[in-house]
Each structure stands twice: as structure tokens, then as C-alpha cells.
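J.: Coordinates only, no sequence provided:
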């Protein structure tokens, strides 16, 4: 029970941009062996996170300078900069669902009949192994 | 961007870059604000008295007490990046000829100074609660308050009585009073009054008094001449 709980905490803190496969509800996910579950990376989502962080932070920096300069208020510039950074953290750090819209499509487990049915001959130490 | 930790590191890392660039822009924006400081100063009352550097000292020194009047307009020095302005008045006089290796040197001593905070730095000023409240009220709703840069002092008592390492200062000739300022920004380098124009930053108009002589030692009533 404690292990399950710690696993859930670790996953929540880790917050990977992934989808578990096959899709299993959180309640039973941990009861099954980890070998039967694996995660699908979403590289598009990871790229999106990177681009968002760069663009949003740059825009916030620009706004903070311009507002501060034209209103002649350096405290306001500081507040805008810090608030915008907090917003960026909130936008980028949690594994939001919209980072997870392009999971990698792997070939099915066990393969298609066309591949598995083909005889594969493996030669090791001059002995022929047939699979 | 694989898990939370790498995302935190990435966002924070780029945040430091953005913060540095914005700070550099703020510091550079100082050059877009013209500086046209001006000041007129004149001594109003000059005395030289004898005193001791501290209570138990057996050494007696001469101290010059120079009262002055100052009219200054430093309002152009207050921009969004100004934290505070340090204004100080020095008395300057050439070293006595034939005084060994001190020849051709200028003696310089601060007689008065003042810190003028910008409204954004009022919380840093060294004031009691009542005066701080008054200061805050004077700039309520303002992010910068150039009117604080306008000084008008009449017959101002000096903060510091000055002497010379030799302990002799009476009857010194060619003493001038000079007004200086030091702009302390929130971001960027400290800048002092310039000797020449630099872009939009003009050198201070006037700011030097006519030369005057310090009087002879003031004798107390009934004191015998030594």
C-alpha cells in the first residue's frame, strides 16, 4: 500500500509528458506488473513545452520593459516580470493534457502475422536455430 | 522537456537570461533620459573655531564652520531607474605652497550631504515613522517625483565641521564650495556629476561658489591672544 502510494507520488512529481499504454485507470495501473505497462513518449508535446517556455518568457520580458519604460514605474516592471514567469512555470511545468496529443505510434506488440510468420534463421556457432 | 524537473530547469534557466537582458535594457534606457542639472551655491557665514577631535583628546584643532545657501535643480536626474540621489557639497582649497610633497594638491572636504530617495525607494530611507509617512504622502500615486530634486536651502548649517590634517585651517585663502551629485540607479552603474557633456547628459550648470577666504580664529570674549 505504501509502495503504491509512493509510486503515485513519484509519478505525480516526475510529471512526464507520456501516455501509459495500454490505457489503464490509475486505480489498477499500479497493481499490474510494470512490464505489461509502458509509456508512450510525446516528442511533439515536449517540443511544444520548450517553444512555449521560450516564447512566453521572451514576451513577458518585452512587456515588462515596455510597460515599465512608458509608465516610468520600475516596480510595475518587476511585478509583471515575476508574475509572467510564475505563469510560464504554471503553463509549462505540469504535464497538461495538451502536451500529450501526439503519442508515438509503435508497431503492435507481438508484431503482425506477416513478420512473425516468416521463418527467421539465426546462425550461431554454425548451428541453425529456427524461430 | 521530458519530465517536470527538466522543464523547471529549462524555464528557470531561460528566465535568468530574460531577467538579465531586461535589466541591461533598463540600465541602457538611462541614456535616453536627458540630464540637465544646475546649482548655485554661495557661502553665507564662515567661522573658524578651536576644538578637540574627541572628548579626551589633548590635541586642539581648528574647525571651519561654513554656512551656505544652495539652489539646485536636479529634477532631470529622477527617472524610473533612479533609486536615490546623493547630493554633497565640498569645500576645496589649494594646498599651501612649500608644504613639501603636498604642493599642487587640492584639499577637499565634504561639509554637507543629503540622500534624496525616489518614491520607489522610500522604504529604504533612514527616517522615523512620522517623517516617512509624510514623505510617502508627498508622492502618493506617483512612481517618480522629480520635484524632490529641487533644493532650496538658505543659510544652511553644515553637517560636518572641517579641518586639515595639520590641524590648521584658519585664514585659508581661495576656498570654493562645489556641489556634487551621485545618481544611484536600481539597475546599472553609479554616475557622478560629469566634467563634460556626454550625449544627452549635460555637465552641471554652475555649481561652484566664488573663492572666499576663511577668517582668522575667532577669539572668545576675554581670552588672551596667544
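T.: Structure received. What you see is a predicted model, and the numbers here were worked out from it, not measured in a lab. Residues are numbered from 1 along each chain as shown, chains lettered A, B, ... in the order given.

J.: Neighbouring strands - and their directions - for the host helix or strand of residue B:46?
T.: Assigning secondary structure by DSSP states H and E places residue B:46 in strand B:38-51. The strands beside strand B:38-51 in its sheet (DSSP bridges) come out as strand B:61-73 (antiparallel), strand B:205-206 (parallel).

J.: low pLDDT regions in chain A?
T.: A:18-40, A:111-123, A:127-131 (pLDDT under 70).

J.: near chain B, which residues of it?
T.: Proximity of chain A to chain B (C-beta under 8 Å from any C-beta of the partner chain) is limited to residues A:13-17, A:41, A:46-47, A:49-50, A:53-54, A:57-58, A:60-61, A:64-65, A:68-69, A:71-77, A:81, A:85, A:88-89, A:92-95. Backbone N, C-alpha and C define where each C-beta goes, glycine included.

J.: ok now do the nearest residue to residue B:136 once chain neighbours are set aside, which residues does it touch?
T.: Leaving out its chain neighbours, the residue that sits closest to residue B:136 by C-beta to C-beta, 6 or more residues apart in numbering or on different chains is residue B:122, at 5.5 Å. The contact partners of residue B:122, by C-beta atoms under 8 Å, 6 or more residues apart in numbering or on different chains, come to B:132, B:135-136, B:139.

J.: mind listing the helices for chain B?
T.: B:4-29, B:129-138 (DSSP state H).

J.: Could you tell me the least trusted of those helices?
T.: Lowest mean pLDDT within the helices of chain B: helix B:129-138, a mean of 90.

J.: who does that one touch, helix- and strand-wise?
T.: Applying 3 or more C-beta pairs under 8 Å, 6 or more residues apart in numbering or on different chains; DSSP states H and E, we find helix B:129-138 packed against no helix or strand.

J.: For it, buried residues please.
T.: Under the neighbour-count criterion of 16 or more other C-beta atoms under 10 Å in any protein chain shown, helix B:129-138 has residue B:135 buried.

J.: quick revisit: just the buried members of the residues of chain A next to chain B?
T.: Among the residues of chain A next to chain B, those classed as buried by 16+ other C-beta under 10 Å are A:15-17, A:41, A:46, A:49-50, A:53-54, A:57, A:60-61, A:64-65, A:68-69, A:72-74, A:76-77, A:81, A:85, A:88-89, A:92-93, A:95.

J.: now, which of these lie within helices?
T.: A:46, A:49-50, A:53-54, A:57, A:60-61, A:64-65, A:68-69, A:74, A:76-77, A:81, A:85, A:88-89, A:92.

J.: what residues are up against residue B:27?
T.: Each residue near residue B:27 by C-beta under 8 Å, 6+ apart is listed here: B:81, B:185, B:187-189.

J.: which of the residues you listed come close to chain A?
T.: Among the contacts of residue B:27, the ones lying near chain A by C-beta under 8 Å from any C-beta are residue B:81.

J.: okay if I get the contacts of residue B:27 as TSV plus pLDDT, neighbour count and distance to residue B:29?
T.: Output for those, formatted as TSV (pLDDT from 0 to 100; neighbours: other C-beta atoms under 10 Å in any protein chain shown; distance: C-beta to C-beta, whole Å):
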residue	pLDDT	neighbour count	distance to residue B:29
B:81	94	25	7
B:185	95	19	10
B:187	95	17	9
B:188	94	19	9
B:189	94	9	13
